[in-house]
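> Model the structure of this input:
(one chain, ligands or ions: 1)
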Amino acid sequence: MKVVKFGGSSMANAAQIKKVCDIVLSDSERRIMVVSAPGKRDENDTKVTDMLIDLASAVISKEEYNEKLEAVVERYASIARDFNLGEEIVDTVRNDLHSRIDKRPEDDAKFMDLMKAAGEDNSAKIIAAYLQSIGVDAKYINPRDAGLLLSDEFGNARVLPESYENLKALKNETSLICFPGFFGYSTNGEVVTFSRGGSDITGSVLAAGVDAEVYENFTDVDFVFAANPKVVKNPKAIPFFTYEEMRELSYAGFNVLHEETLEPVYRKGIKVNIRNTNNPTAPGTFIVPDDGNPEYAPIRPVVGVAADKGFMTIHVEKYMMNREIGIGRKILQTLEEEGVSYEHTPSGIDSISVIVKKENCPDDKLARITDKLYDELGCDKVFVENDLAILMMVGRGMTKKVGVAKDAAVALADANVNLRMINQGSSEVSIMFGINEKDAEKGVVALYNKFFLNRE
Ligand code: ASP
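Numbers count the residues shown, from 1 in each chain. Next comes the predicted model:
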């Protein structure tokens with residue numbers, strides 16, 4: 001059994017949705033399809049999810065919103081018209097949006113999620129209606145009925161473990177399942193969404209729930225490339241990554257999959273196949289377990305290079321820090337108390353640098369953290385550096401290979417990229433460089449050229 005997920009570009013209009021249906025119907029093992037909200041039809045278009053956010057904001061700020069609502073309805077209406085589905089389905093979408101607004105919860109974050117979820121929900125309904133209209137035994141399934149339960153972290157939910165047990169029942173469905181991505185329900189019955197791009201997570205959770213053989217994630221590229229094609233010209237296509245490699249690269253700004261996608265399938269050892277809706281015969285890129293299978297032995301030391309901006313460093317110094325038992329925990333606890341997650345913690349004998357994403361640590365939180373570090377922990381010096389980018393090179397082939405870090409450092413030095421920090425995890429699957437944000441692209445190009453040009 002295969003679970004197949006289609007992103008926004010695959011759902012953008014009727015022509016794309018037709019391709020989606022052809023792909024699903026060409027393989028009888030494709031039993032569950034997970035769909036995103038319609039994405040952009042061209043460069044200047046707006047994703048339905050963004051339109052819904054705009055609509056919800058207008059409702060919240062008590063502006064006139066009917067035009068915005070009708071613009072969303074029109075996205076679905078044009079699909080329905082092209083498929084000759086009749087006005088009924090258009091009314092369903094319009095009524096659905098009005099009823100969400102009528103039910104508006106007091107809490108704005110809850111309302112936002114309720115509105116955002118309408119994008120995928122109506123996508124799944126419309127694709128089921130189209131498939132039925134051409135005689136396919138297809139069925140829309142609501143995440144509530146399937147038991148997809150999420151934490152009540154609105155806009156940033158996580159899957160609750162009991163979901164997997166609930167979702168097992170989908171295996172017994174004989175109809176082709178059309179399932180909306182991106183949202184589920186809290187245990188209180190409220191709609192909750194993952195963070196943006198989260199339909200990938202829905203697909204992964206369903207694949208794990210039904211023990212799928214493979215999770216196919218259809219997007220708009222033939223392969224995953226070794227570096228961002230917007231930064232590196234014609235980067236090499238990579239036929240396979242391990243979960244760990246892909247996780248590290250997604251973290252560092254590879255936008256192929258949502259960063260949290262792999263956990264559910266990783267736990268079950270289910271392969272992921274990233275493929276192209278516009279070129280379905282291309283085999284795509286596989287994400288596989290690192291189980292020693294010779295078919296997936298690393299071809300070169302580095303499989304991918306990526307950079308992400310928007311980090312900052314909180315440097316903390318205290319004389320004789322290395323002798324103070326528990327100081328590391330206490331420093332990190334000051335962040336925990338403010339609900340700030342940290343990314344890396346390179347350290348020296350009397351100092352520790354805590355790297356956080358700037359968006360997670362606004363000024364008020366930072367001020368309280370700094371006060372505690374001085375007043376409660378007696379630190380000597382606390383200072384913050386902004387404009388940090390994380391440059392990551394990833395590959396299992398680096399493990400126990402001498403000279404990779406040297407080659408990288410030389411390549412970056414030759415490109416005049418200053419290294420503010422270097423961090424290698426003990427698994428040796430990645431090396432992270434902290435560099436200035438302005439050097440991020442230059443760093444990616446330098447590492448890519450070093451490890452991919454003039455090599456096999
Ligand atoms: N439609 C949502 C977004 O744009 C979720 C997704 O497409 O995965 O973020």
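> Could you use CA atoms for every contact and neighbour count after this?
Fine.
> what pLDDT does the nearest residue to residue 278 once chain neighbours are set aside get?
Nearest non-adjacent residue to residue 278, counting by CA to CA, 6 or more residues apart in numbering: residue 220, 6.5 Å away. With respect to pLDDT, residue 220 scores 88.
> Counting neighbours, what do you get for residue 220?
Residues lying near residue 220 (other CA atoms under 10 Å) number 18.
> check contacts around it.
Applying CA atoms under 8 Å, 6 or more residues apart in numbering, we find residue 220 in contact with 9-10, 275-278.
> when you check the ligand, which of the residues you listed turn up near it?
Among those, no residue is within reach of the ligand (CA under 6 Å from any ligand atom).
> remind me, longest helix of the protein?
helix 108-133 (DSSP state H).
> Helix or strand next in line after it, which one?
Using DSSP states H and E, the helix or strand that directly follows helix 108-133 along the chain is strand 138-140.
> Please tell me how far the residue nearest the centre of the chain sits from residue 66.
Nearest residue to the geometric centre of the chain (CA atoms, centre = their mean): residue 258, 1.2 Å. As judged by CA to CA, to the nearest Å, residue 258 and residue 66 stand 32 Å apart.
> try residue 374
Distance, residue 374 to residue 66, using CA to CA: 53 Å.
> Could you do residue 120 as well?
For residue 120, the distance to residue 66 equals 20 Å [CA to CA].
> These two - which one has more neighbours?
Neighbour count, other CA under 10 Å: between residue 120 and residue 66, residue 120 has more, with 25 against 13.
> Name the residues that touch stretch 205-213?
Outside stretch 205-213, the residues that touch it by CA under 8 Å, 6+ apart are 1-3, 159, 163-171, 214-215, 264-265, 268, 270-271.
> So what would you say the end-to-end distance of stretch 168-183 is?
Span of stretch 168-183 from end to end, CA to CA: 18 Å.
> do that stretch and the ligand meet at all?
Yes - using CA under 6 Å from any ligand atom, stretch 168-183 reaches the ligand at residue 182.
> Could I get the buried residue list for that stretch?
Within stretch 168-183, the residues that qualify as buried are 168, 170, 176-183, counting by 16 or more other CA atoms under 10 Å.
> The stretch 151-300 of the chain against the ligand: which residues are in contact?
182, 196-200.
> let's see it at 8 Å
For the stretch 151-300 of the chain, the residues in contact with the ligand (CA under 8 Å from any ligand atom) are 181-182, 194-200, 258.
> For residue 129, give me its contacts.
residue 85.
> Distance of it relative to the ligand?
Counting by CA to the nearest ligand atom, to the nearest Å, the separation of residue 129 from the ligand is 20 Å.
> those helices in the stretch 151-300 of the chain, which residues are they?
Using DSSP state H, counting those that start in this stretch, the helices of the stretch 151-300 of the chain run over 162-167, 199-209, 243-251, 262-268.
> neighbouring contacts of the third one?
By CA under 8 Å, 6+ apart, the surrounding residues in contact with helix 243-251 are 256-259, 262, 266, 287-290, 303-306, 392-396, 429-430.
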